[in-house]
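Novice: My questions concern the predicted model and sequence given below.
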Amino acid sequence: GDSVTQMEGPVTLSEEAFLTINCTYTATGYPSLFWYVQYPGEGLQLLLKATKADDKGSNKGFEATYRKETTSFHLEKGSVQVSDSAVYFCALRALGGSEKLVFGKGTKLTVNP
Amino acid sequence: EPEVTQTPSHQVTQMGQEVILRCVPISNHLYFYWYRQILGQKVEFLVSFYNNEISEKSEIFDDQFSVERPDGSNFTLKIRSTKLEDSAMYFCASTERRGAYEQYFGPGTRLTVT
């Protein structure tokens, strides 16, 4: 079945460091891909998405590119801030009409001043 | 800004007891979902609900689980006879239309079965 694998956390960085969180997927065809973020005490929020191969999703300085060759959707940010501390979830939604999201385990990011 | 709310934030129950987890989706949304995350595991889809019926469910969503929209605002998940392995964070989500890319999630209810 469809699945998402993302890098294990936790990840701890200093402010202004470069962030990469790896995500790879297994799915039939070309699913839609998402990054969700969960800040402490809040629900998961959509951070960015890409719906077809080679699309780049971006939001709040974060970027991810849909790479069909490597079935990957890595999250990057050039300069993290303390306020980026959260749990990040990679997810996919398969083709074919299903509404369900298939998630990875989540990666906890802590950014220190 | 509208948000999905869930109550309670933490529920402790004994094995074999029934629990009801409550969610209030965003008011104009029509599609509703439950997911769960067992500690250290992935967030897993349980069920989707539209027009007062289940539109999709996972293999996890067996006869012990049921969902209901009792009054046009609340959306509930009932577990009839809880097991230790039901201990997890349960997330409710909603969207305004089929195929919408963003699902809006609540903060979750942590269920602990002792």
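Specialist: Looks like it arrived, so ask away. Residues are numbered from 1 along each chain as shown, chains lettered A, B, ... in the order given.
Novice: How about A:V11: what's its closest non-neighbour residue?
Specialist: A:L109 (4.9 Å; Cβ to Cβ, 6 or more residues apart in numbering or on different chains). Heads up, the C-betas are built off the backbone N, CA and C, glycines and all.
Novice: Quickly find the element holding the residue positioned nearest the centre of chain B.
Specialist: Nearest residue to the geometric centre of chain B (Cα atoms, centre = their mean): B:W34, 3.3 Å. Using DSSP states H and E, B:W34 maps to strand B:31-37.
Novice: what does chain A put close to chain B?
Specialist: Applying Cβ under 8 Å from any Cβ of the partner chain, one finds that chain A approaches chain B through A:4, A:32, A:34, A:36, A:38, A:41-46, A:49, A:51, A:89, A:91, A:93, A:98-106.
Novice: quick revisit: partner strands of whichever strand or helix holds the residue nearest to A:V11, parallel or antiparallel?
Specialist: A:L109 belongs to strand A:107-112 when elements are defined using DSSP H and E. Sheet pairing here is set by DSSP bridges, and for strand A:107-112 it gives strand A:11-14 (parallel), strand A:86-93 (antiparallel).
Novice: and that strand, how far from the chain's centre?
Specialist: Offset of strand A:107-112 from its chain centre (Cα atoms, centre = their mean, to the nearest Å): 14 Å.
Novice: Same question for stretch A:39-48.
Specialist: On Cα atoms, centre = their mean, the centre of stretch A:39-48 falls 12 Å from that of its chain.
Novice: Let me see the residues that make contact with that stretch.
Specialist: Here stretch A:39-48 makes contact (Cβ atoms under 8 Å, 6 or more residues apart in numbering or on different chains) with A:34-38, A:57-60, A:62-64, A:75, A:86, A:88-89, B:3-4, B:43, B:91, B:93, B:101-108.
Novice: What residues sit buried inside the strand holding A:L109?
Specialist: By 16 or more other Cβ atoms under 10 Å in any protein chain shown, the buried positions in strand A:107-112 come out as A:107, A:109, A:111.
Novice: same thing with stretch A:90-97?
Specialist: Buried, per 16+ other Cβ under 10 Å, within stretch A:90-97: A:90-94.
Novice: just stretch B:27-35 next, same as before
Specialist: Buried, per 16+ other Cβ under 10 Å, within stretch B:27-35: B:29, B:31-35.
Novice: residue boundaries of the strands in the chain?
Specialist: Unless you meant another one, I'm taking chain A. Secondary structure of chain A, counting by DSSP state E: strands at A:3-6, A:11-14, A:19-21, A:23-26, A:32-38, A:44-50, A:56-59, A:62-65, A:75-77, A:86-93, A:102-103, A:107-112.
Novice: To clarify, I was referring to chain B.
Specialist: Applying DSSP E to chain B gives strands spanning B:5-7, B:10-13, B:19-24, B:31-37, B:43-50, B:53-57, B:65-68, B:75-79, B:88-95, B:104-105, B:109-113.
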